[in-house]
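[1] Just a sequence and a predicted model for now, questions to come.
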Amino acid sequence: MSVQTGRLSASGVQTMFDRIAPVYDSMNHVMTAGLDRRWRRITAEAVVRSGHEVLDACCGTGDLAIACARVGGRVTGLDFSERMLERARTKAPELRWVRGDLLELPFEGGSFDAVTVGFGVRNVEDLERALAELRRVLRPGGRIAILEITRPRGALAPFYRLWFDGAVPLIGKLVPGGSAYTYLPASVRRFPGPGELAELMRAAGFGDVRYRLFAGGIVALHAGVAS
Ligand SMILES: C[S@@+](CC[C@H](N)C(=O)[O-])C[C@H]1O[C@@H](n2cnc3c(N)ncnc32)[C@H](O)[C@@H]1O
């Protein structure tokens, strides 16, 4: 397991995010030219309705959880990195923030009307188990949204490689804990493409699974309904 292969143990992932917590938000905005805010808003609007109990798993510094609260959700953010959670708590002390593992969610079955995961499922050791856990904590008919980086095909692909595989790891060398930005493109390379992720969601018990691509196919938003 290494940053170069894009595969890390759970404790490796946790340490990596603890280290990059201070620069995480700024790096996100730089890498996506600020588009990440819009993607999180669209993700929240896709599945959250006013009054919904919402779990934002792998919440990191909290931006997707906060987007879900803006749509009217009663939000719980969960992450296993304490340093990331500290930042989330500072931004939105009124939300519920829980330290925990996506692979063993500390919630009863059927506790939530909606679950969201932003740029999180790519990091887990066992994707099928993560999807099963997300399905378990949703009530039947509850909705899931997964926002994740993917690899574009066609005209944008060479530009993407130049930026994401070349420039991002270089920029990462300038910031503390920057090996995370070598891990990032490598983890996207080994992660299932959008069609395959949709299939895994169906196998985990989600119906009406659909996805849309943003920014020429750099990011995918998958949505589905717990059947
Ligand atoms: C790339 S950040 C995404 C943060 C946030 N969702 C966003 O939209 O920016 C991934 C987060 O997932 C968390 N994470 C990864 N694997 C996890 C797991 N098994 N359980 C809980 N959190 C996990 C990391 O600690 C990190 O904060």
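    Structure received. Residues are numbered from 1 along each chain as shown.

[2] ok but residue 144 is inside a helix, no?
    No. Assessed with DSSP: H, G, I helix; E, B strand; the rest coil, residue 144 is strand; it does not lie in a helix.

[3] That one and residue 115 touch, don't they?
    Yes. Judged on Cβ atoms under 8 Å, residue 144 makes contact with residue 115 at a distance of 5.1 Å. Bear in mind the C-beta positions are built from the backbone N, C-alpha and C, glycine included.

[4] between the two, who's got more neighbours?
    Neighbours were counted for residue 144 and for residue 115 using other Cβ atoms under 10 Å; residue 115 has more, 29 against 26.

[5] Could you verify my assumption that that one touches residue 57?
    Yes. The pair residue 115 / residue 57 is scored as a contact, 6.3 Å apart, by Cβ under 8 Å.

[6] shared neighbours of those two, which are they?
    Both residue 115 and residue 57 are contacted by residue 134, under the criterion Cβ atoms under 8 Å, 6 or more residues apart in numbering.

[7] Are there residues contacting both of residue 144 and residue 115? Which ones?
    47, 134, 138.

[8] Throw the residues you listed into JSON lines and include distance to the ligand and secondary structure, thanks.
    Listed next are the shared contacts of residue 144 and residue 115 as JSON lines, based on distance: Cβ to the nearest ligand atom, whole Å; DSSP: H, G, I helix; E, B strand; the rest coil:
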{"residue": "47", "distance to the ligand": "14", "secondary structure": "helix"}
{"residue": "134", "distance to the ligand": "11", "secondary structure": "helix"}
{"residue": "138", "distance to the ligand": "17", "secondary structure": "strand"}
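
[9] ranking these by neighbours, who comes first?
    Busiest of the shared contacts of residue 144 and residue 115 [other Cβ under 10 Å] is residue 134, holding 27 neighbours.

[10] show me what contacts it?
    So residue 134 contacts 55, 57, 102, 105, 115, 117, 144, 204 (Cβ under 8 Å, 6+ apart).

[11] which bits of the chain sit near the ligand?
    The chain has residues 10, 13-14, 17, 58-60, 63-64, 79-81, 84, 101-103, 118-120, 123-124 near the ligand, with proximity defined as Cβ under 6 Å from any ligand atom.

[12] Just the buried ones among the residues you listed, please.
    With burial judged by 16 or more other Cβ atoms under 10 Å, the buried subset of the residues of the chain next to the ligand is 13-14, 17, 58-60, 63-64, 79-81, 84, 101-102, 118-120, 123-124.

[13] Now, these that are in strands?
    79, 118 (DSSP state E).

[14] mind listing what's buried in the longest helix seen in the chain?
    Criterion DSSP state H: the longest helix present in the chain is helix 10-32. Of the residues in helix 10-32, 12-21, 23-25, 27-28, 31-32 count as buried by neighbour count, 16+ other Cβ under 10 Å.

[15] Could you do stretch 133-153 as well?
    In stretch 133-153, counting by 16+ other Cβ under 10 Å, buried: 133-138, 142-152.

[16] ok, for the residue of the chain found nearest the ligand, nearest residue in space, not its chain neighbours?
    Going by Cβ to the nearest ligand atom, the ligand is nearest to residue 60 of the chain, at 2.4 Å. Among residues not flanking residue 60 along the chain, residue 84 sits closest, at 4.6 Å (Cβ to Cβ, 6 or more residues apart in numbering).
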